[in-house]
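Q: quick one, structure for this:
(one chain, ligands or ions: 1)
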Amino acid sequence: MKQRIALIGFGTVAQGLCEILLNKKNELKKNYNYEFDIVAINDIKYGTAYNPKGLNIKNLLKEINEHRKFISNTVKWDAIQTIKKSNANIICELSYTNLIDGQPAIEYCKTALSLKKHVVTSNKGPAVFAYKKLSKLAKKNNVKFLIEGTVMSGTPVLNLVKGPLAGIKILSAKGILNGTTNFILTKMEEGMSYNDALLEAQKLGYAEADPTNDVEGYDAKAKITILANVLMNLNLKFHDVQCEGITKLTQLDIEEAKRNNARWKLVATVEKIGDEIKASVKPEMLPLSHPLAGVLESTNAITFKTDLLGDVTIVGKGAGKIETGFAILSDLLSIHMHKNLY
Ligand code: HSE
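A: Numbers count the residues shown, from 1 in each chain. Model prediction:
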């Protein structure tokens with residue numbers, strides 16, 4: 001069945017998804033019999049465009065580049081109205097991440113799932129603050145709530161553990177979960193200033209709308225919370241994760257690490273010891289021989305300690321327009337192929 005997709009939010013990730021869908025349209029049809037129409041797009045800056053038979057995406061991308069708003073097929077709907085009134089059967093919730101309380105994205109997801117519309121999102125807010133509630137609502141309504149893009153962009157982590165690794169128990173997780181800070185630390189080691197490196201990360205589409213979330217460690221804190229709750233079945237509260245970002249690291253610290261054959265990394269960890277959950281995000285100076293020390297630029301890595309396979313490490317891109325756009329595509333294809341991941 002052809003998917004009818006509505007995009008809530010038309011920033012970096014949504015535009016990345018559109019680029020992929022435009023470039024791979026024929027390949028997706030040929031290889032997976034996958035067909036789609038993007039019927040609605042709502043964005044706080046560009047307005048709302050709707051065509052129940054499918055929007056002309058190339059045209060809309062051109063319109064926002066030239067006019068900073070949608071010109072054709074416009075309707076006066078906000079996000080909730082777009083979810084309710086459009087004929088979309090899948091909502092891609094791609095609005096900005098709010099790490100205070102996850103809103104308004106939680107409300108968007110709730111509205112869509114209540115109407116029996118699938119939700120695919122890379123927004124960490126709903127996954128951090130309402131994952132259990134929203135996935136319960138999705139199950140009740142026989143639709144999917146898929147969040148692969150919330151951790152390590154399109155590098156499969158959640159779907160891998162829920163899919164091929166089903167049956168395994170994850171005992172702990174430790175890794176580098178933020179692309180922006182890893183990129184900044186790599187560039188600072190090459191001699192670039194912190195500010196220039198951050199600007200570059202923003203240009204490359206790695207940083208959050210508010211990069212404070214990256215550099216103060218909140219984004220990694222959100223991701224380790226998601227891994228704990230979704231993959232380790234814990235009940236970790238975002239605010240219970242100890243967190244320190246990279247803003248206190250100076251060029252002198254970077255040089256000192258270099259002299260000691262080491263490297264600074266922003267490391268996120270979660271582990272259950274007895275009844276206690278220990279979770280933290282903090283800079284660690286790792287010897288170059290440590291597996292995480294070789295993870296550079298926007299690449300991320302996570303090592304899971306498991307009961308049946310020992311250590312399993314996943315390494316891959318952690319951020320980026322196309323990389324996160326792909327995460328959304330992979331969840332759309334899971335729905336299309338009726339993969340019962342979770
Ligand atoms: N700002 C995030 C990062 C984007 O740098 O990792 C991907 O979640």
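
Q: which residues of the stretch 151-300 of the chain fall in strands?
A: Applying DSSP state E, counting those that start in this stretch to the stretch 151-300 of the chain gives strands spanning 170-176, 242-243, 262-273, 276-287, 299-306.

Q: among those strands, which comes closest to Asn195?
A: Closest to Asn195 of the strands of the stretch 151-300 of the chain is strand 262-273 (C-beta to C-beta; 17.2 Å). No exception for glycine: its C-beta is placed from N, CA and C like everyone else's.

Q: what's the angle from that closest one to strand 276-287?
A: If you take axes from the mean of the first three to the mean of the last three C-alpha atoms, to 10 degrees, strand 262-273 sits at 160 degrees to strand 276-287.

Q: residues touching Ile41, list them.
A: By C-beta atoms under 8 Å, 6 or more residues apart in numbering, the residues touching Ile41 are 6-7, 10, 14, 48-49, 55, 60, 70.

Q: as a markdown table, those residues with pLDDT and distance to Ser298 would be great.
A: Below are the contacts of Ile41 laid out as a markdown table (pLDDT from 0 to 100; distance: C-beta to C-beta, whole Å):
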| residue | pLDDT | distance to Ser298 |
| --- | --- | --- |
| Ala6 | 98 | 29 |
| Leu7 | 98 | 24 |
| Phe10 | 98 | 22 |
| Ala14 | 98 | 19 |
| Thr48 | 98 | 32 |
| Ala49 | 98 | 31 |
| Leu55 | 98 | 30 |
| Leu60 | 97 | 27 |
| Phe70 | 98 | 30 |
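
Q: which of these fall in strands?
A: 6-7, 48-49 (DSSP state E).

Q: residues in the chain within reach of the ligand, list them.
A: With the criterion set to C-beta under 6 Å from any ligand atom, the chain comes near the ligand through 153, 178-180, 206-208, 214, 219, 318-319.

Q: and for the residue of the stretch 201-342 of the chain at minimum distance from the ligand, the neighbour number?
A: Of all residues in the stretch 201-342 of the chain, Ala319 sits closest to the ligand, at 3.7 Å by C-beta to the nearest ligand atom. Other residues near Ala319 number 28, with proximity taken as other C-beta atoms under 10 Å.

Q: just Asn260 next, same as before
A: Neighbours around Asn260, by other C-beta under 10 Å: 11.

Q: alright, that wraps it up for me.
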